[in-house]
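[1] no letters, just coordinates:
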């Protein structure tokens with residue numbers, strides 16, 4: 001499924017745009033002009049990666065400083081252990097679109113428990 005994110009001119013380099021889908025996804029525009037989309041929620045605890053710090057092709061979680069590679073989703077610094085899911089990004093006629101991955105997301109334990117009906 002292709003989801004329109006925002007216009008490319010509305011997403012400055014070094015910034016992120018969060019999509020209100022479930023689970024949330026964020027599009028990152030690096031200082032080098034690359035675009036990446038990953039699940040917005042840190043896999044360690046419930047924190048928005050769009051609120052984190054973007055450096056090169058990594059984003060640092062604002063809660064406990066886990067770092068994730070924007071291209072692969074891999075964890076580059078703990079305490080997170082599981083990668084974030086990545087999504088395909090396309091730009092067409094100046095509009096950024098995200099094609100959501102069909103892989104299962106790696107949600108932090110507090111969210112996974114809540115979705116399963118357990119204590120948060």
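    Sure thing, it's come through. All figures in this text were calculated on a predicted structure; none of them were measured in a lab.
[2] just how off-centre is stretch 56-69 within its chain?
    10 Å (CA atoms, centre = their mean, to the nearest Å).
[3] what sits against residue 9?
    residue 94 (CB atoms under 8 Å, 6 or more residues apart in numbering). (Each C-beta comes from the backbone N, C-alpha and C, glycine too.)
[4] ramachandran coordinates for it?
    phi -70, psi -20 (degrees, to the nearest 10).
[5] okay, it and residue 95: tell me how far apart.
    Remark: distance between residue 9 and residue 95 (CB to CB, to the nearest Å) = 10 Å.
[6] again, but for residue 17
    Residue 17 is 12 Å from residue 95, by CB to CB.
[7] neighbour-wise, which of the two wins?
    Between residue 17 and residue 95, counted using other CB atoms under 10 Å, residue 17 has the larger neighbour count: 21 against 14.
[8] what is the end-to-end distance of stretch 54-74?
    15 Å (CA to CA, to the nearest Å).
[9] for it, which residues meet the burial criterion?
    For stretch 54-74, burial by neighbour count (16 or more other CB atoms under 10 Å) applies to 54, 57-61, 63, 66-70, 73.
[10] can you list the residues you listed in a markdown table and add distance to residue 100, secondary structure and pLDDT?
    What follows is these, written out as a markdown table (distance: CB to CB, whole Å; DSSP: H, G, I helix; E, B strand; the rest coil; pLDDT from 0 to 100):
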| residue | distance to residue 100 | secondary structure | pLDDT |
| --- | --- | --- | --- |
| 54 | 21 | strand | 97 |
| 57 | 20 | coil | 97 |
| 58 | 22 | strand | 98 |
| 59 | 18 | strand | 98 |
| 60 | 24 | strand | 98 |
| 61 | 21 | coil | 98 |
| 63 | 24 | coil | 95 |
| 66 | 22 | coil | 97 |
| 67 | 23 | strand | 98 |
| 68 | 17 | strand | 98 |
| 69 | 19 | strand | 98 |
| 70 | 16 | coil | 98 |
| 73 | 13 | coil | 98 |
